[in-house]
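**Q** one predicted model, sequence on top.
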Amino acid sequence: MLDSKIIKYINKSVLCWLATSSKENVPNVSPKEVFTHYNFEYIVIANIASPHTVKNILENNQVCISFIDVLVQKGFQLKGKAEIISNSDTSFTELSAPLLQITRGKFPFNTITKINIEQVKEIIAPKYILYPETTEEEQIKSAKKLYGL
C-alpha cells in the first residue's frame, strides 16, 4: 500500500502524528520525529519518549498516522494495525536500521512501532479544492509568507 507518492511525503515531512486509543477508547495523538518506511511495506517509528503511545498500542493496535509537507500542504493519512517491536525481537535490528540512519545514535530507543497499513487517504489543503487553479508553487510561496520563512 505504500507507493512512491506516499514515500515522497514521508521523506518531506519533519513530523508525523500518531493517533492511538486506550482500551477504554480514550484517544491520544502524539508527534513523532523519527519515522520512515521499511521496504515500501511498513511505517516504522522509533519509540524515543512514547510510553503512553506504546501502552495504548499494546491495549488497542488500531492506529492512524498522518504527515504533510507543511509548505505544499499535502500529505497522507494512513490507518492500520500497529505492533511494538522490542530490541529482543529478531526483527528489531533489521527494522531499526533506517531509523538509526535518521537518529545517528543521538536518540536511543529500545522499541519500534511497526504499522501495517490498511487504508490510505490523501490530505490536501482546502485551498486546492476551493481554488483549483492553485499551484504548488503558489501554495509554497503563500505558506512561506504566512510562516515568516
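**A** Everything's here; your move. None of these values were measured; they are calculated from a predicted model.
**Q** going forward, measure contacts between C-alpha atoms and count neighbours the same way
**A** Will do.
**Q** residue 85 and residue 115 touch, don't they?
**A** No. Counting by C-alpha atoms under 8 Å, residue 85 does not reach residue 115; the two are 10.4 Å apart.
**Q** tell me which of the two has more neighbours.
**A** residue 115 (25 against 20; other C-alpha atoms under 10 Å).
**Q** check which helix or strand the nearest residue to that one once chain neighbours are set aside maps to.
**A** The shortest distance from residue 115 to any non-neighbouring residue, by C-alpha to C-alpha, 6 or more residues apart in numbering, is to residue 82 (4.3 Å). Secondary structure assignment for residue 82, by DSSP states H and E: strand 74-86.
**Q** so what sits opposite the most centrally placed residue in the chain in the bridge?
**A** Central residue check for the chain by C-alpha atoms, centre = their mean: the C-alpha nearest the mean position is that of residue 16, 3.7 Å away. In this entry, residue 16 is beta-bridged to residue 32, by DSSP bridges.
**Q** pretty sure it contacts residue 32?
**A** Yes. Shown here, residue 16 and residue 32 form a contact pair, counting by C-alpha under 8 Å, at 5.3 Å.
**Q** check whether the residue located most distally from the centre of the chain sits in a helix, strand or coil.
**A** Farthest-out residue of the chain from its mean C-alpha position, per C-alpha atoms, centre = their mean: residue 133, at 28.9 Å. Assigned with DSSP: H, G, I helix; E, B strand; the rest coil, residue 133 falls in the coil class.
**Q** packing partners of the helix or strand containing residue 96?
**A** Following DSSP H and E, one finds residue 96 within helix 92-103. Taking 3 or more C-alpha pairs under 8 Å, 6 or more residues apart in numbering; DSSP states H and E as contact, the helices and strands that helix 92-103 lies on are strand 35-38, strand 42-46, strand 111-124.
**Q** mean pLDDT added to these, as JSON lines?
**A** Formatted as JSON lines, the helices and strands packed on helix 92-103 follow (pLDDT from 0 to 100):
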{"stretch": "strand 35-38", "mean pLDDT": "94"}
{"stretch": "strand 42-46", "mean pLDDT": "96"}
{"stretch": "strand 111-124", "mean pLDDT": "96"}
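**Q** many thanks, we can stop here.
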